[in-house]
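**Student:** For reference, the sequence and a predicted model appear below.
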Amino acid sequence: MTGLIWFVQVVHYPLMGGALGDGFAAYHRQHVARTTRIVAPVMLLELATAALLPWLRPAEVPVVIAWAALVLLLVAWGSTVLLQIPRHNALAACYADATHGALCRTNWIRTIAWSARGVILLYSAGQVLRS
């Protein structure tokens with residue numbers, strides 16, 4: 001998800017503003033439908049594994065790291081539910097520069113949360129591989 005969120009933040013969401021005109025509503029519907037098909041199963045799998053990690057973690061991974069990874073994931077999910085989905089719903093009704101801008105700005109919350117989570121999970125993998 002870390003790589004995907006950076007693609008969305010740097011490429012996909014900024015380009016969305018260029019899809020203006022009569023076709024925007026259809027474009028946005030397809031964007032949401034196609035993205036959900038790919039992202040939802042991955043997000044659910046990530047949530048399940050993140051929830052299990054504090055209890056099933058390797059001994060080399062400190063429990064605080066496992067909990068931090070879960071909290072960061074919950075931040076990303078919270079941002080998705082509370083900030084990104086409502087803005088996508090508003091854009092589905094009609095394109096507005098302010099809504100698009102807010103979508104791009106608030107998505108940084110997810111980008112930072114997933115990036116920080118990726119860093120601590122890489123650290124954790126390094127700890128396990130060193131042992």
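**Tutor:** Arrived safely.

**Student:** what's the distance between Tyr123 and Trp6?
**Tutor:** 19 Å (CB to CB, to the nearest Å). In this view, the C-beta of every residue, glycine as well, is placed from N, C-alpha and C.

**Student:** cool, and Ala93?
**Tutor:** On the measure of CB to CB, Ala93 and Trp6 end up 28 Å apart.

**Student:** Distance from the lowest-mean-pLDDT helix or strand in the chain to the middle of the chain?
**Tutor:** Least confident helix or strand of the chain, by mean pLDDT, DSSP states H and E, is helix 13-16 with a mean of 88. Between the centre of helix 13-16 and the centre of its chain there are 16 Å (CA atoms, centre = their mean, to the nearest Å).

**Student:** so how far is Thr49 from Ala68?
**Tutor:** On the measure of CB to CB, Ala68 and Thr49 end up 15 Å apart.

**Student:** Between the two, which is the more surrounded one?
**Tutor:** For the pair Ala68 and Thr49, the greater number of neighbours falls to Ala68 (17 against 13), based on other CB atoms under 10 Å.

**Student:** Run through the residues that contact the more buried one.
**Tutor:** Ile120 (CB atoms under 8 Å, 6 or more residues apart in numbering).

**Student:** next one: Ala92
**Tutor:** Here Ala92 is in contact with 25, 28-29, 32 (CB under 8 Å, 6+ apart).

**Student:** still on that earlier bit, go through the least confident helix or strand of the chain and flag the buried ones.
**Tutor:** 13, 16 (16 or more other CB atoms under 10 Å).

**Student:** Same question for stretch 116-126.
**Tutor:** Going by neighbour count (16+ other CB under 10 Å), the buried part of stretch 116-126 is 116-118, 120-121, 124.

**Student:** Touching, Ser115 and Thr2? I think so.
**Tutor:** Yes. Assessed by CB atoms under 8 Å, Ser115 is found in contact with Thr2 at 5.7 Å.

**Student:** if we can go back for a sec, please dump the buried residues of stretch 116-126 into a markdown table; it should also carry distance to Pro41 and pLDDT for every row.
**Tutor:** Output for these, formatted as a markdown table (distance: CB to CB, whole Å; pLDDT from 0 to 100):
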| residue | distance to Pro41 | pLDDT |
| --- | --- | --- |
| Ala116 | 23 | 98 |
| Arg117 | 18 | 97 |
| Gly118 | 19 | 97 |
| Ile120 | 23 | 96 |
| Leu121 | 19 | 95 |
| Ser124 | 23 | 94 |
